[in-house]
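Undergrad: everything below, folded, please.
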Amino acid sequence: QVRLVESGGGSVQAGGSLRLSCAASGYTYCTKDMMWYRQAPGKDREFVSRINSDGSTSYADSVKGRFTISQDNAESTLYLQMNSLKPEDTAMYYCKTAGSGGWMCRISFEYWGQGTQVTVSS
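TA: Here you go, the predicted model:
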């Protein structure tokens with residue numbers, strides 16, 4: 001059974017830091033990318049950051065320079081270090097994995113976690 005379990009959310013004051021984690025288990029893959037998304041109340045879910053199978057990373061402009069995505073050597077845990085947090089960073093944060101696996105690496109997959117809440121007060 002595929003599991004993506006986020007943790008590390010909480011309430012902080014503006015300017016503070018949090019480190020989110022996403023523990024992935026229960027699936028095998030040939031290639032995979034891992035991503036963080038967030039969704040604020042009343043808004044659409046939006047992309048935050050991505051780490052590709054080759055280790056390259058990308059960020060939304062709104063978090064560039066403040067957030068850092070990484071993963072452990074086993075590629076089983078995804079992290080998001082969030083510094084200089086702003087009230088507008090308040091949202092539910094979700095991790096997502098997408099890639100290919102199965103026979104001849106021909107089966108595409110996409111899985112989401114349940115989310116962890118981040119609240120930043122001014």
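
Undergrad: tell me which residue is most central in this structure.
TA: residue 36 (2.5 Å; CA atoms, centre = their mean).

Undergrad: looking at this structure, which strand is longest?
TA: strand 91-101 (DSSP state E).

Undergrad: packing partners of that strand?
TA: Here strand 91-101 touches strand 3-7, strand 18-25, strand 31-39, strand 107-112, strand 116-121, going by 3 or more CB pairs under 8 Å, 6 or more residues apart in numbering; DSSP states H and E. Yep, even glycine has a C-beta here, placed from its N, CA and C like the rest.

Undergrad: residue contacts, the residue nearest to the centre of the chain?
TA: Contacts of residue 36 were listed using CB atoms under 8 Å, 6 or more residues apart in numbering, and they are 20, 22, 48-50, 69, 78, 80, 93-96.

Undergrad: residue 70 and residue 36: what is the separation?
TA: To residue 36, residue 70 is 11 Å away according to CB to CB, to the nearest Å.

Undergrad: okay, and the common contacts of those two?
TA: By CB under 8 Å, 6+ apart, the residues touching both residue 70 and residue 36 are residue 78.
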